[in-house]
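Visitor: I'll drop the sequence and a predicted model, then ask my questions.
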Amino acid sequence: MISLDNCSKYFHKGSVNEVFALNSISIDIDEGDFISIIGSNGAGKSTLLNSIAGVFMLDSGTINVGNRDVTTWPEYKRAKFISRVFQDPLLGTCPSATIEQNMALAKKRGQWRGFSRGVKAKDRPMFQEKLKMLGLGLENRLQDRVGLLSGGQRQALTMLMATMVRPEVLLLDEHIAALDPKTANQILRLTEEIVGEQELTTLMITHNMKHAIEFGNRLIMLHQGRIISDVAGEEKKSLTVNDLLQKFYDSSEEELVTDAMLLA
């Protein structure tokens, strides 16, 4: 489904601030994989997602998604089949537009939008039905501007919009980090439900080791742009937070151990 072959990315190459963000990463991701990605600050987690999304081009290596070589494709072209939810609830929606206007735009992802009316009456029952699954009462607020919603409501709407048209790949970049614990848990459960129902190929960055263990069928740990652990199936199910900490210790790098303790 997704294949990264010997992918590397530098920032500020050749300067005193040079950062080797991805270090010759190779990985194969099967269709339907739900991968939790953890690692210390600067490990390359967001760079990995940005590379898949096409935010910037690699310095070397190739990326294939669904039998397409997308290595040189711009972000807008990949967005036809790759959806993304960001950490900031303010991203991913248009605050000045209404809930139904935002959903109408999401419904046309990857299509030519033309000059027809933005919100069609026949779509409203479908919008309401989808919003009901959130349990937030938003199905009765279709004409409310999205800017009036709370952070949790907005992030829930963003999750819904990102998957209204089933994407081939869903990228979640710490999408609950800005939320309070109760709301974060609600969004995680919503994520699990949507990913499960649509069998989405999903990569989710998290700084919470418990969440990394609980959610998804596969767990990848990054450090300094390298994959230092990749576990799946029964091995992942049996993991504990202490096991993950031990993997950091086993790397025998003091900096990595220190960062690992901050993640616990």
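Guide: Nice, thanks for sending it over. All values derive from a computational prediction rather than experimental measurement.

Visitor: which stretches of the stretch 51-200 of the chain have low pLDDT?
Guide: Applying pLDDT under 70 to the stretch 51-200 of the chain flags residues 110-117.

Visitor: And the strands in it?
Guide: 60-65, 68-69, 82-85, 169-173 (DSSP state E, counting those that start in this stretch).

Visitor: wait, which of the ones you listed is closest to residue 141?
Guide: Closest to residue 141 of the strands of the stretch 51-200 of the chain, according to CB to CB: strand 82-85, at 20.7 Å. All C-beta atoms are positioned from the backbone trio N, CA, C, and that covers glycine.

Visitor: Check the gap between the closest residue to residue 147 other than its chain neighbours and residue 101 for me.
Guide: Leaving aside its sequence neighbours, residue 147 sits nearest to residue 95 (CB to CB, 6 or more residues apart in numbering; 3.3 Å). Distance, residue 95 to residue 101, using CB to CB, to the nearest Å: 11 Å.

Visitor: who's in contact with the nearest residue to residue 130 once chain neighbours are set aside?
Guide: Excluding the flanking residues, the one nearest residue 130 by CB to CB, 6+ apart is residue 160, at 5.8 Å. Contacts for residue 160 (CB atoms under 8 Å, 6 or more residues apart in numbering) come out as 103, 106, 130, 131, 133, 134, 194.

Visitor: Isn't the third one up against residue 165?
Guide: Translated: residue 130. No - if you go by CB atoms under 8 Å, residue 130 and residue 165 don't touch, sitting 11.8 Å apart.

Visitor: quick one: which of these two has more around it?
Guide: residue 130 (18 against 15; other CB atoms under 10 Å).

Visitor: Just list the residues touching that one, thanks.
Guide: Going by CB under 8 Å, 6+ apart, residue 130 touches 103, 160, 164.

Visitor: Show the contacting residues for the last one.
Guide: With contact set as CB under 8 Å, 6+ apart, residue 164 has these partners: 103, 106, 107, 109, 130.
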